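Peer 1: sequence first, then the predicted structure:
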Amino acid sequence: MNSGYNPDKQNYNIKVDETTFNHIDKYKQFKKYKSNSQSVAELVRAGLDYLKEQAEDEYLLALAEERLKNGSGKTYSFDEILAEHGITREELDSMEDVEIE
């Protein structure tokens with residue numbers, strides 16, 4: 001099978017399948033990122049940050065599940081915790097929001 005440019009027919013003999021469209025989509029995405037002036041390093045860093053956050057979430061979920069499975073089984077309501085520390089809901093609602101970084 002002869003693939004490539006045929007000067008007599010003035011067309012290309014190119015196999016077009018799902019992979020071809022995936023490459024086109026990736027190129028369009030790359031152009032979109034490039035046109036937004038984002039560097040590849042910024043994109044990679046954002047992806048790594050996302051993966052790190054997902055890994056931390058998975059770890060915390062596994063830790064919570066392990067504690068539930070092996071814990072004493074005793075749970076406390078929010079109101080019980082407030083009472084234990086001598087705080088009322090009204091006091092809690094009147095407190096200013098604090099931003100934690």
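Peer 2: Received, thanks.
Peer 1: from residue 92, how far off is residue 45?
Peer 2: For residue 45, the distance to residue 92 equals 38 Å [Cβ to Cβ, to the nearest Å]. Placement of C-beta: from N, CA and C, glycine included.
Peer 1: then residue 59?
Peer 2: For residue 59, the distance to residue 92 equals 29 Å [Cβ to Cβ].
Peer 1: for residue 72, same thing?
Peer 2: Distance, residue 72 to residue 92, using Cβ to Cβ: 26 Å.
Peer 1: where do the helices sit along this structure?
Peer 2: 18-35, 40-70, 78-84, 89-94 (DSSP state H).
Peer 1: would you mark the buried spots in the third one?
Peer 2: This means helix 78-84. By 16 or more other Cβ atoms under 10 Å, helix 78-84 has no buried positions at all.
Peer 1: so what's the nearest residue in space to residue 92 that is not next to it in sequence up against?
Peer 2: Using Cβ to Cβ, 6 or more residues apart in numbering and skipping the chain neighbours, the partner closest in space to residue 92 is residue 82 (7.0 Å). By Cβ atoms under 8 Å, 6 or more residues apart in numbering, the contact set of residue 82 is 88, 89, 92.
Peer 1: got a pLDDT number for the last one?
Peer 2: The confidence metric pLDDT takes the value 88 at residue 92.
Peer 1: and for the first one?
Peer 2: With respect to pLDDT, residue 88 scores 92.
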